[in-house]
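Colleague: return a 3D structure for these sequence lines:
(one chain, ligands or ions: 1)
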Amino acid sequence: MGFLFVLSQAQRWIIERIKPGDIVVDATAGNGADTLFLAQLAGAEGKVYAFDIQSSAIENTRQRLNSVSETEGLAPVDLLHTSHENMASGIPVEHHGQISVIMFNLGYLPGASHDIITKSSTTLSALKTAVLLLRSGGLLTIVVYPGHEGGDQEANAVYAWASDISPSLAQTIVYRFPQKPTAPYLIALIKS
Ligand code: SAH
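Modeller: Below is the predicted model:
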């Protein structure tokens, strides 16, 4: 078997770190696949906060969660129809510094307008907040998309940000297929 695709690798790292009862965040809910994944792992005692600026994404995520049986022990999910830049105000203060996993999947929502994409300035602002909200040992994963216009610049900006973080604050890593320079790649961070 070859190396895992980036989204699967992000999930693998998350599975290794998350525990039932954890507080977790999906910063780009999209169609809700990662929100559901996190809700299953955090379990009924856990909590998920999911952000998206598109009402269709929030609705798709709500439907995906509702389609799962209540007996399956999902974490309660707060769906927040706001930019992930507002993460700190959307999450109660008592959970700041307690979050174990935060996922970002950048770019546009498949099947929706390609005009609505994540943007470097808001993404970087949200990432800086995300690091503050993580607990010590918490994991941040970011899937970037250099293959579309704007996505390449955003990927470079996230890479530069991850390169400059003080090792005393966090350890960062890049998971990328160098033979496929336009393919999505994964940047992740573990808070010290
Ligand atoms: N590119 C991925 C899916 C990414 S979905 C793939 O191909 O599988 C990215 C989501 O981020 C979209 O639903 C979009 O509405 C959302 N988004 C864009 N800007 C945002 C922001 N500032 N805050 C929160 N969500 C945002």
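
Colleague: helix/strand/coil for the residue most central in space within the chain?
Modeller: In the chain, the C-alpha nearest the mean C-alpha coordinate belongs to Met103, at 1.5 Å (Cα atoms, centre = their mean). Three-state call for Met103 (DSSP: H, G, I helix; E, B strand; the rest coil): strand.

Colleague: where's it relative to Gln40, distance?
Modeller: Distance, Met103 to Gln40, by Cβ to Cβ, to the nearest Å: 13 Å. Backbone N, C-alpha and C define where each C-beta goes, glycine included.

Colleague: do I have it right that Ile190 meets Ser136?
Modeller: No: applying Cβ atoms under 8 Å as the test, Ile190 and Ser136 come out as separate, 9.3 Å apart.

Colleague: between those two, which has more neighbouring residues?
Modeller: More neighbours surround Ile190 than the other of Ile190 and Ser136, with 16 against 9 (other Cβ atoms under 10 Å).

Colleague: could you pull up phi and psi at the more buried one?
Modeller: phi -120, psi 120 (degrees, to the nearest 10).

Colleague: for the longest strand belonging to the chain, packing partners?
Modeller: Using DSSP state E, we find that the single longest strand of the chain is strand 134-144. Counting by 3 or more Cβ pairs under 8 Å, 6 or more residues apart in numbering; DSSP states H and E, the packing neighbours recorded for strand 134-144 are helix 6-17, strand 99-105, helix 120-133, helix 151-164, strand 185-191.

Colleague: switch the ones you listed over to CSV; also include distance to Gln63 and mean pLDDT.
Modeller: Listed next are the helices and strands packed on strand 134-144 as CSV, based on distance: least, Cβ to Cβ, whole Å; pLDDT from 0 to 100:
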stretch, distance to Gln63, mean pLDDT
helix 6-17, 21, 98
strand 99-105, 18, 98
helix 120-133, 25, 98
helix 151-164, 27, 97
strand 185-191, 27, 98
